[in-house]
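K.L.:
this one's sequence-less:
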């Protein structure tokens, strides 16, 4: 982190932002959820998915790219599966509704899948599988995104970085949660550009089709590289099949030309699945088995210089414990924009 | 490929191997399936998953590690989900039965999941999702495997390479099929060892905990590296949760000490899912959408020196067209062992 940071407690941050989104036309309950997704990310130490994106959401609502009042059409709802059209309403709100329905279907059928098309980004993939984990289920999500990666051997952006997340409850250990994109998160490149930091040369190509360490060059080309080469390219295509293709949404395959203005509709598709653990074994037994696995992994012999092994998602839970008490550091630029936005909407700015 | 190869037509190869497995006690139908999985791999150019592993399967049946007669207990079968105990019978046979049931559940409920515990390896993950794709569905599988990868920052093998595969039907294009392990396939290391070739230093650690290019050293340590670092380690854990943990099988987390003898029971767990495309949109529309996506990917601008872009699985379908007519090249060592095995069991060896 470079630049000046102001440390803010979660509750004042939440209060101001909920009031901001109510002023922008969201129902109270929807504003609560939208804000919670982003504060959850900040608490886990994911600055790129926090206040920075709340500001983007506010700008997009003003620009008409996100519909503040909820509108969802249930296109199909049949036994273990369902399909929604989100009509570009608040992505997090529709996503949470879809995961709740997937959990309810899993209670009745053992598993449930709910798809969404014409969605706005739900910001943090892990939030929704963790809702399922809190209900004693395994939760899974996939989403597509606009094209930003080339196929293996290609030089233009044809597929999205198409994140996925899966979560499962444990016992005494925190839940397992994997949340990953098939490329480096573009938010991390924005952030590096904001802060004037170079990026590793494995993250993106420049406009000349060669690897670059300049985040501005990466943003100009819009061509990010898949992690691990052809395997993560293949995963991105698989996630496109399970979202845009299957749910009748936009198919994101076309040459990308840099990042798009706020008024552009996102039109992404998202997949939510829940699996009812209790139909396979008592939930307590599953929790114990998770703890056994987690402790075995943490008991691994270490490489020289490594102090401990972390499970996926574990650092986020540790950081959350700290930040709940100590507060969340907000970058000076985001802090200033946030307070300006609140004043514009006649909302009390965040108390420090 | 180094060493001498004998080119064999698929049908004589199939005939001899089916007779070999019938002589070892398999019912005809089961022998057909077991052999088909491996010849399918050879036709796709995957020598590491072909005749080489048929020989291993025959040795394991002789050693008592695979039960030749089918035995499956249905532990749970409830609406969209089911759970089998395979009692170490032929992995491919139980896996195909599980995917057929998942497809049948998807016809009734929109999606279906079938789990197996106490399974033997099914060899080729892609075979089973492609069964679903042939029925007009999306198919997904995960499997665990014995520990062979360290956690991120670890030096000992704690998680398996835990492969996954997903397939979906297309229209005029071949089906999409992604089939990947979270580490480099150990069969490729065996093969390099057999042929005396070095391996890339990103594939495995040696017994000293450092990266090695010596396949024998990699086999001695049994410590393979995840592709793409911590992300593929996280995926391997996720696949363990969806198999060994959820299905009540062995949890594969423990320090591995090299490769195990043939008489060892594998005790893996496997996940099979089918998604009924027609409940989301007409199958023909889905096929057209797949073709649109595939052609957009293949139309990508290319990097200098690259002649074309391949979809995941595409090279296998192209190779299959060639090998069906031209035949399958079998390495001299595998060829000799195969013919010896046939003669031992009074089966007519493969005609060349």
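P.N.:
Ah, there it is. Source: prediction; values computed, not measured.

K.L.:
Now do residue A:205, the pLDDT please.
P.N.:
Residue A:205 is assigned 88 on the pLDDT scale.

K.L.:
Wait, it touches residue A:221, no?
P.N.:
Yes: counting by C-beta atoms under 8 Å, residue A:205 does reach residue A:221; the two are 5.6 Å apart. (Glycine included, C-beta is placed from N, CA and C.)

K.L.:
got any residues that touch both of the two?
P.N.:
Jointly contacting residue A:205 and residue A:221 under the rule C-beta atoms under 8 Å, 6 or more residues apart in numbering or on different chains are residue A:212.

K.L.:
okay, which residue is most central for chain A?
P.N.:
residue A:124 (1.9 Å; C-alpha atoms, centre = their mean).

K.L.:
how close does the residue in the stretch 101-250 of chain A that chain B sits nearest to get to residue A:206?
P.N.:
As assessed by C-beta to the nearest C-beta, chain B sits closest to residue A:228 within the stretch 101-250 of chain A, at 2.7 Å. Look at residue A:228 and residue A:206: by C-beta to C-beta, to the nearest Å, they are 21 Å apart.

K.L.:
So for these two, which sits in the more crowded spot?
P.N.:
Taking neighbours as other C-beta atoms under 10 Å in any protein chain shown, residue A:228 and residue A:206 compare with residue A:228 leading, 22 against 17.

K.L.:
What sits closest to the more buried one if chain neighbours are left out?
P.N.:
Leaving aside its sequence neighbours, residue A:228 sits nearest to residue B:228 (C-beta to C-beta, 6 or more residues apart in numbering or on different chains; 2.7 Å).

K.L.:
now do residue A:36
P.N.:
Sequence neighbours aside, residue A:14 is the residue nearest to residue A:36 in space, at 7.4 Å (criterion: C-beta to C-beta, 6+ apart).

K.L.:
Same question for residue A:10.
P.N.:
Counting by C-beta to C-beta, 6+ apart, the residue nearest residue A:10 is residue A:39, at 5.7 Å.

K.L.:
same check, this time on residue A:94
P.N.:
In space, and not counting its chain neighbours, residue A:94 is closest to residue A:86: 4.2 Å by C-beta to C-beta, 6+ apart.

K.L.:
you'd agree that neighbour is up against residue A:119?
P.N.:
Yes: counting by C-beta under 8 Å, residue A:86 sits close enough to residue A:119 to count as a contact (4.3 Å).

K.L.:
Need the residues touching each of the two.
P.N.:
In contact with both residue A:86 and residue A:119: residue A:94, using C-beta under 8 Å, 6+ apart.

K.L.:
Let me see the ranges of the helices in the stretch 101-250 of chain A.
P.N.:
Along the stretch 101-250 of chain A, the stretches classed as helices by DSSP state H, counting those that start in this stretch are A:127-134, A:186-195, A:215-221, A:230-240.

K.L.:
can you pull the buried residues of the first one?
P.N.:
Residues of helix A:127-134 classed as buried by neighbour count (16 or more other C-beta atoms under 10 Å in any protein chain shown): A:127-133.

K.L.:
quick one: which of these is nearest to residue B:189?
P.N.:
Nearest to residue B:189 among these is residue A:129, at 33.7 Å by C-beta to C-beta.

K.L.:
which residues does the spatially closest residue to the closest one that is not a sequence neighbour contact?
P.N.:
The spatially closest residue to residue A:129, leaving aside those adjacent along the chain, is residue A:139, at 3.2 Å (C-beta to C-beta, 6+ apart). Taking C-beta under 8 Å, 6+ apart as the criterion, residue A:139 is in contact with A:99, A:102-103, A:128-133, A:165-168, A:272-275.

K.L.:
what number of residues lie near residue A:11?
P.N.:
By other C-beta under 10 Å, 12 other residues sit near residue A:11.

K.L.:
distance of it from residue A:321?
P.N.:
Per C-beta to C-beta, residue A:11 is found 16 Å from residue A:321.

K.L.:
Looks like residue A:91 contacts residue A:124 (just checking).
P.N.:
No: with contact defined as C-beta under 8 Å, residue A:91 does not count as touching residue A:124 (10.4 Å).

K.L.:
how about low-confidence regions in the stretch 1-150 of chain A?
P.N.:
A:1-2 (pLDDT under 70).

K.L.:
Contact residues of the stretch 51-200 of chain A facing chain B?
P.N.:
Neighbours of chain B within the stretch 51-200 of chain A, by C-beta under 8 Å from any C-beta of the partner chain: A:76, A:78-81, A:83, A:108-113, A:115, A:138, A:150-156, A:158-159, A:166, A:168, A:176, A:178, A:180.

K.L.:
circling back to that earlier point, quick one, grab the pLDDT at the residue of the stretch 101-250 of chain A closest to chain B.
P.N.:
For residue A:228, pLDDT reads 82.

K.L.:
Please report phi then psi for it.
P.N.:
For residue A:228, the backbone dihedrals (degrees, to the nearest 10) come out as phi 70, psi 20.

K.L.:
Any figure for the gap between it and residue B:233?
P.N.:
11 Å.

K.L.:
Pull out the buried positions in stretch A:345-352.
P.N.:
Quick answer for stretch A:345-352 (16+ other C-beta under 10 Å): A:345, A:347, A:349-350.

K.L.:
Make a markdown table out of the residues you listed and add distance to chain B.
P.N.:
Converted to a markdown table, the buried residues of stretch A:345-352 look like this (distance: C-beta to the nearest C-beta, whole Å):
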| residue | distance to chain B |
| --- | --- |
| A:345 | 39 |
| A:347 | 39 |
| A:349 | 38 |
| A:350 | 34 |
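
K.L.:
Need these in CSV (columns: secondary structure).
P.N.:
Shown next, in CSV, are the buried residues of stretch A:345-352 (DSSP: H, G, I helix; E, B strand; the rest coil):
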residue, secondary structure
A:345, coil
A:347, coil
A:349, coil
A:350, coil
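
K.L.:
Which members of those residues define the maximum pairwise distance?
P.N.:
A:345 and A:350 (13.0 Å).

K.L.:
And residue A:270, how far from residue A:163?
P.N.:
For residue A:270, the distance to residue A:163 (C-beta to C-beta) stands at 10 Å.

K.L.:
for the residue in chain A sticking out farthest from the centre, what are its contacts?
P.N.:
Distance from the C-alpha centroid of chain A peaks at residue A:304, with 33.3 Å (C-alpha atoms, centre = their mean). Contact analysis of residue A:304 by C-beta under 8 Å, 6+ apart lists residue B:209.

K.L.:
which SS class is it?
P.N.:
With three-state DSSP as the basis, residue A:304 sits in coil.

K.L.:
ok, and for stretch A:304-312, which residues are buried?
P.N.:
A:309-312.

K.L.:
Quick one: low-confidence residue ranges for the stretch 251-352 of chain A.
P.N.:
Using pLDDT under 70, the stretch 251-352 of chain A drops low at A:253-264.

K.L.:
Let's see that with 90 instead.
P.N.:
Where the stretch 251-352 of chain A drops to pLDDT under 90, the residues are A:251-267, A:302-305.

K.L.:
how about the residues of it near chain B?
P.N.:
A:251, A:253-255, A:275-277, A:279-281, A:285-286, A:289-290, A:292-293, A:296-304, A:306, A:308-312.

K.L.:
go again using 7 Å as the cut-off
P.N.:
Within the stretch 251-352 of chain A, the positions near chain B by C-beta under 7 Å from any C-beta of the partner chain are A:251, A:253-254, A:275, A:277, A:279-281, A:286, A:289-290, A:292-293, A:296-297, A:300-303, A:306, A:309, A:312.

K.L.:
Any of these buried? List them.
P.N.:
By neighbour count, with 16+ other C-beta under 10 Å, these hold A:251, A:253, A:275, A:277, A:279-281, A:286, A:289-290, A:292-293, A:296-297, A:300-303, A:309, A:312 as buried.

K.L.:
Narrow the residues you listed to those in helices?
P.N.:
A:286, A:289-290, A:292-293, A:296-297 (DSSP state H).
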